[in-house]
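J.: build me a structure from this.
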Amino acid sequence: MRKTLLCLILCGLTLSLKAQNKSVEKSIFEIQTGFLGIWGHHEAKLYNAIVLRTEIGFDSGIWGGDFYEKTGFLLTPVITVEPRWYYNLNKRVKKSKTIENNSGNFIALKTSYHPDWFVISNYSNVNIISDISIIPTWGIRRNLGNHFNYEAGFGVGYHYIFAKNTGFIDNSNKGEVDLNLHLRIGYRF
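T.: Coordinates of the predicted model:
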């Protein structure tokens, strides 16, 4: 009887030590790159499955055609604040899948602002018009080893352009539908 009880206690301790904490990480710093940009971000835990992601980086653009001498390229700063809800953490733990480094599916409200501070481009005198976008997004985040991960997401939302008093041809502010489609690879510090 004692041997059986001792065996059960040891098994129980082993299982409890292996169980994952069903919560997001307290703080994550990371850089990510994708097809059109590079970003640095911080995810701060607000609640067990909710984080606030703050991000600064460069979004890029490419243009070309018959009216241009060469293909144009630009980088412009972007500031993003994004609350995220990692909604499937318990399900992943029950299936013995990792949730380390906030690996899971998420729903977010991505709010991005492109200020007209400066533009890096292969053309001279390129300007952008400041804008803001608010896009509900669904996505996934998975680990690739200890420090690397990938992230993919999709969302449709609202984009508002601050064109009034800019001197451009169409100088009225306007809103339009915007799409967020991203695939990124990141390195966590």
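J.: contacts and neighbour counts: CA atoms only from here.
T.: Will do.
J.: need the next SSE after the least confident helix or strand in the chain by mean pLDDT, C-terminal direction.
T.: None of the helices or strands of the chain scores lower by mean pLDDT, DSSP states H and E than helix 2-18, at a mean of 48. Per DSSP states H and E, helix 2-18 leads on to strand 27-34 as the next helix or strand towards the C-terminus.
J.: now the angle from whichever helix or strand comes after that next one to strand 27-34?
T.: Going down the chain from strand 27-34, the next helix or strand is strand 37-47, by DSSP H and E. Using axes from the mean of the first three to the mean of the last three Cα atoms, to 10 degrees, the inter-axis angle of strand 37-47 relative to strand 27-34 is 150 degrees.
J.: strand 37-47 pairs with which strands, parallel or anti?
T.: With DSSP bridges as the test, strand 37-47 is paired with strand 27-34 (antiparallel), strand 50-63 (antiparallel).
J.: what sits up against the last one?
T.: Outside of strand 50-63, the residues within contact range by Cα atoms under 8 Å, 6 or more residues apart in numbering are 24, 36-46, 71-86.
J.: beta partners for the spatially closest residue to W39 that is not a sequence neighbour?
T.: Spatial nearest neighbour of W39, excluding adjacent residues (Cα to Cα, 6 or more residues apart in numbering): G57 at 3.9 Å. Listed by DSSP bridges, the beta-bridge partners for G57 are W39, V78.
J.: what's the separation between G57 and K164?
T.: Taking Cα to Cα, to the nearest Å as the measure, G57 falls 25 Å from K164.
J.: ok so, going back, can I get the strands paired with strand 37-47 in a markdown table with distance to I135 and mean neighbour count?
T.: Formatted as a markdown table, the strands paired with strand 37-47 follow (distance: least, Cα to Cα, whole Å; neighbours: other Cα atoms under 10 Å):
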| stretch | distance to I135 | mean neighbour count |
| --- | --- | --- |
| strand 27-34 | 18 | 17 |
| strand 50-63 | 14 | 18 |
